[in-house]
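Novice: my questions are about this predicted structure, shown below with the sequence.
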Amino acid sequence: MAVITQNSGPEFNTVREELFQHIDNPKQLEKLYRKNKTVFQRVFNTVYPEIQTHASAQVWNERLNFEQEELYLGPKKEMLFVLLSAFVTGLLAKIPDFTGINADHFFMRNIGLVGFPMLLVYFLWKQKTTINQLLVPLVAVILSALYINFLPNNPASNSIVLACIHLPVFLWTLLGYSFAGGNWKSHAQRIDFLRFNGDFAVMSALLVLAGILFTGITIGLFELIGLHIQEFYAKNIAVWGLSGIPILSAYLVVNNPQLVNKISPVIARIFTPLVFITLLVFLVAIIYTGKNVYNDRNFLLLFNGLLIAVMAIILFSVSEATKKTEGKLNLLVLFGLSLLTIILNGIALSAIAFRLSEFGITPNRIAVLGANLLIFVNLLFVAYQLFRILKGKAHVQQLENSIVVFLPVYGIWSVVVTFLFPLLFSFA
């Protein structure tokens, strides 16, 4: 089977030359590593057979490729920081109980502000960011909290609902900024952030399943002696456990990447062809049944949700594919999935354009149109680079760039919908 090699690209070649030049200079190697950790590791693993006689190369090989066999909980200081962060997140989740605020109203507006702040603080602390770098996410979170909670209490307002939905997306981009230690311009840091999201999702799912199992056992045990603790457990234990899962997941992934970094690629490899087949059958089914996607609003909303989910799968799968040498078949499947999603996205865009022309402008239609256009253009870039790699005319770094260059754009769009839509549409 043909393979797609990654030892190409100007950045790769520059790092390769410097690595050979400074192989016996520890200080310069450390500078080179910190400048771009992902590319450095890729280059080093490629050229290691040529430099393995150097003592410094042997040390770096262990440093870059050492796999921790046991669970590593990190320094006590970090563990205490994570426990404190989980406690603070739990306090934020308990605000409705402490204040008497309607829980549905609170969590609709603040679900992102409960889960993200301590994650931001954790990565900013972990990356030892400067005061200036710290101010950006700190001020953004405070202003977001004030803004979203001072919006009028109008459940029927589409623009306010959209603001509540898009605020977590904006906070997610701030998390990427914190993850990169403020160095958000680095494409390598962005692709690492995407990979972290995949590992984070796997770890969070495992912790949730473990929590469900523990909850069932605990409630069942007390039921045996006639004590019904469901309500007490939900209010005083489950809420703290759920609140702590995000920060605990991040902590475990950062300190023990070996726990899930072999699972995530397997999941990507299994689900990518399955999603491809499902979308292909779905497209045929739309044609066969003659489903009119232009007049069914609920179907169109569900359809767009599906496209966003598939787009996330594609981005994660591609980011995993760039980790190491990939077989041509895997990249062909990714290319096919990208093309199918582009076709379905085109259908969605035409349906949204039809509804805009027939029924006029609404916040929902503009928000969906903007999101679909971004996804459509992003997919075109990804599919084009995949095609060029399959033809041997591009290298993996260009594919990575086609993925991560759009991450800030999604963040900007979330800012527009969150902070401008309610004002532009007069809170309607």
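Specialist: Looks like it arrived, so ask away. Remember, predicted model here, so these are calculated numbers, not experimental data. Numbering: from 1, shown residues only.
Novice: buried residues of stretch 93-107, list them for me.
Specialist: 93, 94, 95, 106, 107 (16 or more other C-beta atoms under 10 Å). In this view, the C-beta of every residue, glycine as well, is placed from N, C-alpha and C.
Novice: contacts for it next, please.
Specialist: 110, 114, 153, 235, 239, 240, 242, 243 (C-beta atoms under 8 Å, 6 or more residues apart in numbering).
Novice: which element, helix or strand, includes the nearest residue to the third one once chain neighbours are set aside?
Specialist: So that's residue 153. Leaving out its chain neighbours, the residue that sits closest to residue 153 by C-beta to C-beta, 6 or more residues apart in numbering is residue 105, at 7.2 Å. If you go by DSSP states H and E, residue 105 is part of helix 103-115.
Novice: after that helix, heading C-terminal, what element do we hit next?
Specialist: helix 117-126.
Novice: residue 397 touches residue 15, doesn't it?
Specialist: No: counting by C-beta atoms under 8 Å, residue 15 is not a contact partner of residue 397; they are 11.1 Å apart.
Novice: residue 128: what secondary structure?
Specialist: coil (DSSP: H, G, I helix; E, B strand; the rest coil).
Novice: could we number from 43 for the rest of this?
Specialist: Sure, I'll start numbering at 43, so the last one becomes residue 170.
Novice: now do it against residue 128, distance only.
Specialist: According to C-beta to C-beta, to the nearest Å, residue 170 and residue 128 sit 21 Å apart.
Novice: ranges for the strands of this structure?
Specialist: Here the chain has its strands, by DSSP state E, at 45-46, 368-369.
Novice: sketch out the low-pLDDT regions of this structure for me.
Specialist: 43-52, 108-116, 338-339, 361-369 (pLDDT under 70).
Novice: do that again at 50, thanks
Specialist: For the chain, the stretches flagged by pLDDT under 50 are 43-49, 367.
Novice: can you pull up the most central residue in it?
Specialist: residue 239 (4.0 Å; C-alpha atoms, centre = their mean).
Novice: I'd like to know how many residues surround the residue nearest to it when sequence neighbours are not counted.
Specialist: Nearest residue to residue 239 in three dimensions, chain neighbours excluded: residue 358, at 7.0 Å (C-beta to C-beta, 6+ apart). For residue 358, the neighbour count with other C-beta atoms under 10 Å is 23.
Novice: check residue 225 too.
Specialist: Per other C-beta under 10 Å, the neighbour tally for residue 225 reads 16.
Novice: ok, now which ones touch it?
Specialist: residue 231.
Novice: quick one: the helices in the stretch 343-470 of the chain, in order.
Specialist: For the stretch 343-470 of the chain, the helices defined by DSSP state H, counting those that start in this stretch cover 370-401, 405-432, 438-446, 449-457, 463-466.
Novice: and residue 264, what does it touch?
Specialist: Residues near residue 264 by C-beta under 8 Å, 6+ apart: 270, 271.
Novice: let me see the domain layout of this structure.
Specialist: 45-107, 118-300, 308-466 (automatic domain parsing).
Novice: distance across the second one, terminal residue to terminal residue?
Specialist: It stands for domain 118-300. Distance between the two ends of domain 118-300: 20 Å, counting by C-alpha to C-alpha, to the nearest Å.
Novice: how far away from the center of its chain is the top helix by length along the chain?
Specialist: Looking across the chain with DSSP state H, the single longest helix is helix 229-266. The chain centre lies 15 Å from the centre of helix 229-266; the measure is C-alpha atoms, centre = their mean, to the nearest Å.
Novice: for it, buried residues please.
Specialist: Buried residues in helix 229-266 (16+ other C-beta under 10 Å): 229-246, 248-249, 253, 257, 261.
Novice: related to what we said a few turns ago, save the helices of the stretch 343-470 of the chain as a markdown table, and put in distance to residue 160 and mean neighbour count too.
Specialist: Shown next, in a markdown table, are those (distance: least, C-beta to C-beta, whole Å; neighbours: other C-beta atoms under 10 Å):
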| stretch | distance to residue 160 | mean neighbour count |
| --- | --- | --- |
| helix 370-401 | 34 | 18 |
| helix 405-432 | 28 | 19 |
| helix 438-446 | 25 | 21 |
| helix 449-457 | 20 | 17 |
| helix 463-466 | 27 | 18 |
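Novice: among those, which is nearest residue 181?
Specialist: Smallest distance to residue 181 across the helices of the stretch 343-470 of the chain (C-beta to C-beta): 13.8 Å, for helix 449-457.
Novice: now the angle between helix 405-432 and the closest one, please.
Specialist: Angle, helix 449-457 to helix 405-432, by axes from the mean of the first three to the mean of the last three C-alpha atoms, to 10 degrees: 170 degrees.
Novice: what is helix 449-457 packed up against?
Specialist: Other helices and strands packing on helix 449-457, by 3 or more C-beta pairs under 8 Å, 6 or more residues apart in numbering; DSSP states H and E, are helix 200-221, helix 229-266, helix 405-432.
Novice: which residues touch it?
Specialist: 208-209, 211-212, 214-215, 218, 226, 232, 235-236, 412-413, 416.
Novice: returning to what we had before: adding distance to residue 321, write the helices of the stretch 343-470 of the chain out as CSV.
Specialist: Shown next, in CSV, are these (distance: least, C-beta to C-beta, whole Å):
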stretch, distance to residue 321
helix 370-401, 5
helix 405-432, 12
helix 438-446, 19
helix 449-457, 22
helix 463-466, 30
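Novice: need the contact list for residue 206.
Specialist: Residues counted as contacts of residue 206 (C-beta under 8 Å, 6+ apart) are 150, 151, 190.
Novice: what separation do you get for the nearest residue to residue 245 once chain neighbours are set aside and residue 392?
Specialist: In space, and not counting its chain neighbours, residue 245 is closest to residue 291: 4.2 Å by C-beta to C-beta, 6+ apart. According to C-beta to C-beta, residue 291 and residue 392 sit 39 Å apart.
Novice: before we move on, what about residue 315?
Specialist: 28 Å.
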